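**Student:** pasting the sequence and the predicted coordinates here, then a few questions.
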Amino acid sequence: MAIITISRGSSSMGKAVAEQVARRLGYRLISREVLLDASSRFNVPEIKLEKAIHDAPGILDRYRHSSQSYVAYIRSALVEQVVADNVVYHGLAGHLLLKGLSQVLKVRINADMKKRIAVVMKRDRISADEARSRIQEDDRQRRKWTQTLYGQDPWDASLYDLTICIDTLSVDNAVDFICQAAGTEGFQGTEKNRRQVSDMAVACRVKAALADEFPNVSVTCEYGNVLVYTGAGSDHSSGKLARKIDHVRETVEGIFHIEIHSGVAVPEEAV
Amino acid sequence: MSIIMISSDVAETEAIIAGKVAEEKGYALLDRRVLHDAANRYGVKPERLNDALENRPSLLRRLPPRQWRYYLACIEAEVLDRLLVDNIICRDVGAHLYVNGVSHAMKIRVLTGKQACREAAEREGGSLEKAEKQGFRMNRCRTAWSMAAYQKDEADPAGYDLVVSLDQIDPVEAVRTIVGASAYRKFQSMTYSTKCLTDLALAARVRAALLKSMSDMQVQARDGAVVVTARALKRRKREKVEAIKQLAGQIPGVGYVEVHVRNNIFRKAE
């Protein structure tokens, strides 16, 4: 009873692996559904969400913070999807968006550049040079996106529980590894784990509700008790955030109690 | 019938996992104890070989680059000869960095990450942050060493067939996964993969013999034919070719030696 995220570079057979894992374990397979869900819930065009989760934020985005808001919407939609457990997510950044949840098995599929080029050449009927530059550009965007928003390198193996090289191992072998790991004790959906996911869902809802106006706030939730962390000063003292929090309390589901913490260290698990 | 090479960010974890896998599979374990045999074979001190595996060349340590390369070549030659036996677990001798193109050699990396830092902090009574910093520093040193020795980053997951993080996965489960993977057909020794390993071992033996008295050398071997690429001053070219042919020809298994000498315009002739 696990949540499995499968991360990979483009054209690295990650989708094939995810489909087989989901089939073998009888889990739900999700990817684009998350964007569709976020799009309809937050009334944002899907293309904007896709761009926000794929492309690194540009210079203007750093001032408008639109990327951060969109990522908060996507994260909220993803967490709502995994609350039900038994899910395989093979969309972008699953390992980062679900960071902090202990029952998430984070898998990375790596493939050799030559093989990736061959896949793209065959699929898009383009030359090797063009395929190579497309893959390199895609990798560059992924690296920049992850570094800008999370300060990490997507190729860093320490972000994942399992990193599988698909060149030497087949898709079937990779599926075996993942299914075996998913069955181990650490990834089982215990009562504690389920509560952790539902708390994260509440925190993500609050964060999504605040992200547009207050992109720099961080949120935690425990047993429905929500803490909103802000930097010392401005937002909180102006009362603007407090008024917004009052509104959030009325509209967001699952909040038992909500309060603002200003100028204190933000916990690692905050969203 | 396979070779399993295990590497980790923490030496203790690497030893435990390698030991357990060896026990489960009933395979022999190849680790730094092999340095004594290598030292005897090549007439060097075991501590010097150990030093070469730990550190980069340094004048302060009395480990000049040329000597360092020679020590590494001695280790490679000894390790590769041992790996020819098959059914072996290998750790702590850098084999995952120089055993390339051998399909039955499975490369595994085990990451202990935060768990190891927490344990280190508890053991030493320091803070987690301090333990993390120390772990980061050690990994950076290992990366610098592997880059200098083999132009590869030891931490790069692309160099491994499988990387397992012990943050969430139990070590027992990791061992089971490694044992299960080693049974895959892809990791069974075949005629071609055994031949590749034999060629690597021969090239390493020749290189170790040549590096004792020369430097800046590349050696490739195929079916007993050895190709050596070296550098020499134009006027010493013929002399160097003769010396290489003579030295390499004495190594058992060498049938033919071809030498390519490039002009060395920066260094003195050896």
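**Tutor:** Structure's in. What do you need?

**Student:** give the rounded mean pLDDT of stretch B:227-235.
**Tutor:** Across stretch B:227-235, the average pLDDT comes to 87.

**Student:** chain center to that stretch: distance?
**Tutor:** 26 Å (CA atoms, centre = their mean, to the nearest Å).

**Student:** buried ones in that stretch?
**Tutor:** Using 16 or more other CB atoms under 10 Å in any protein chain shown as the test for burial, stretch B:227-235 gives B:Val227, B:Val228, B:Ala230, B:Arg231, B:Ala232, B:Leu233. For every residue, glycine as well, the C-beta is placed using N, CA and C.

**Student:** CSV for those, including secondary structure and distance to chain A?
**Tutor:** Output for those, formatted as CSV (DSSP: H, G, I helix; E, B strand; the rest coil; distance: CB to the nearest CB, whole Å):
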residue, secondary structure, distance to chain A
B:Val227, strand, 25
B:Val228, strand, 29
B:Ala230, strand, 30
B:Arg231, strand, 31
B:Ala232, strand, 35
B:Leu233, coil, 39
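
**Student:** can you spell out which helices and strands pack onto the helix or strand bottoming out on mean pLDDT in chain B?
**Tutor:** When the helices and strands of chain B are scored by mean pLDDT, DSSP states H and E, helix B:113-124 comes last with a mean of 76. Applying 3 or more CB pairs under 8 Å, 6 or more residues apart in numbering or on different chains; DSSP states H and E, one finds that helix B:113-124 contacts helix B:128-150.

**Student:** isn't B:Arg231 right up against B:Arg262?
**Tutor:** Yes: the pair B:Arg231 / B:Arg262 is scored as a contact, 5.1 Å apart, by CB atoms under 8 Å.

**Student:** tally of neighbours for A:Val71?
**Tutor:** Here the number of neighbours of A:Val71 (other CB atoms under 10 Å in any protein chain shown) works out to 25.

**Student:** that one: which element?
**Tutor:** helix A:66-82 (DSSP states H and E).

**Student:** which other helices and strands does the following helix or strand past that helix contact?
**Tutor:** Using DSSP H and E, the next helix or strand after helix A:66-82 towards the C-terminus is strand A:87-89. With contacts defined as 3+ CB pairs under 8 Å, 6+ apart, strand A:87-89 has these neighbours: strand A:3-8, helix A:14-25, strand A:28-30, helix A:66-82.

**Student:** nearest to chain B, of these?
**Tutor:** strand A:3-8 (11.7 Å; CB to the nearest CB).

**Student:** the closest one near chain B at all?
**Tutor:** No: figure legend: strand A:3-8 not in contact with chain B (CB under 8 Å from any CB of the partner chain); closest approach 11.7 Å.

**Student:** which parts of the chain belong to which domain?
**Tutor:** With no chain named, the answer covers chain A. As recorded under automatic domain parsing, the domains making up chain A are A:3-187, A:193-262.

**Student:** actually it's chain B I care about, not the one you picked
**Tutor:** B:3-186, B:191-263.

**Student:** related to what we said a few turns ago, which parts of the least confident helix or strand of chain B are buried?
**Tutor:** B:Gly113, B:Lys114, B:Gln115, B:Ala116, B:Cys117, B:Ala120, B:Ala121.

**Student:** now do the first one against A:Ala182, distance only.
**Tutor:** I take that to be B:Gly113. For B:Gly113, the distance to A:Ala182 (CB to CB, to the nearest Å) stands at 19 Å.

**Student:** name the surrounding residues that touch the host helix or strand of A:Ile109.
**Tutor:** Following DSSP H and E, the helix or strand that holds A:Ile109 is strand A:104-110. Strand A:104-110 is contacted from outside by A:2-9, A:12-14, A:17, A:82, A:94-95, A:98, A:157, A:159-166, A:174, A:178, A:181-182, A:187, B:157-158, B:163, B:168, using CB atoms under 8 Å, 6 or more residues apart in numbering or on different chains.

**Student:** again, only this time at 7 Å
**Tutor:** With contacts defined as CB atoms under 7 Å, 6 or more residues apart in numbering or on different chains, strand A:104-110 is touched by A:2-8, A:12-14, A:17, A:95, A:98, A:159-166, A:174, A:178, A:181-182, A:187, B:157-158.

**Student:** next, count neighbours for the spatially closest residue to A:Gln81 that is not a sequence neighbour.
**Tutor:** Distance criterion CB to CB, 6 or more residues apart in numbering or on different chains; nearest residue to A:Gln81, sequence neighbours excluded, is A:Ile30 at 5.5 Å. Neighbour count for A:Ile30, taken as other CB under 10 Å: 20.

**Student:** what's near enough to touch A:Ile30?
**Tutor:** When the contact criterion is CB under 7 Å, 6+ apart, the partners of A:Ile30 are A:Gln81, A:Val87, A:Tyr89.

**Student:** quick check: the first one touching A:Val87?
**Tutor:** Yes: counting by CB atoms under 7 Å, A:Gln81 does reach A:Val87; the two are 6.4 Å apart.

**Student:** compare neighbour counts for the two and give me the winner.
**Tutor:** A:Val87 (21 against 18).

**Student:** find the nearest non-adjacent residue to A:Ala84, please.
**Tutor:** A:Arg28 (7.5 Å).

**Student:** and that neighbour, what's its pLDDT?
**Tutor:** pLDDT at A:Arg28 comes out at 87.

**Student:** what residues are up against it?
**Tutor:** A:Ala22, A:Asn86, A:Val87.

**Student:** what's the answer for A:Ala131, then?
**Tutor:** A:Ile117, A:Val120, A:Met121.

**Student:** tell me which element it falls in.
**Tutor:** Short version: A:Ala131 belongs to helix A:128-150, going by DSSP H and E.

**Student:** do A:Asp37 as well
**Tutor:** helix A:32-42.

**Student:** between helix A:66-82 and that helix, find me the angle.
**Tutor:** Angle of helix A:32-42 versus helix A:66-82, following axes from the mean of the first three to the mean of the last three CA atoms, to 10 degrees, is 110 degrees.

**Student:** can I have helix A:32-42 written out in PDB, keeping just the CAs?
**Tutor:** Output of helix A:32-42 as PDB, limited to C-alpha atoms (Å, rounded to 0.1, in the frame of the first residue of the first chain):
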ATOM      1  CA  ARG A  32      -1.400  14.500 -16.500                       C
ATOM      2  CA  GLU A  33      -4.500  14.100 -14.400                       C
ATOM      3  CA  VAL A  34      -2.800  16.200 -11.800                       C
ATOM      4  CA  LEU A  35      -2.500  19.100 -14.100                       C
ATOM      5  CA  LEU A  36      -6.100  18.700 -15.300                       C
ATOM      6  CA  ASP A  37      -7.300  18.600 -11.800                       C
ATOM      7  CA  ALA A  38      -5.200  21.600 -10.700                       C
ATOM      8  CA  SER A  39      -6.400  23.500 -13.800                       C
ATOM      9  CA  SER A  40     -10.100  23.000 -13.100                       C
ATOM     10  CA  ARG A  41      -9.800  23.500  -9.300                       C
ATOM     11  CA  PHE A  42      -7.800  26.700  -9.500                       C
END
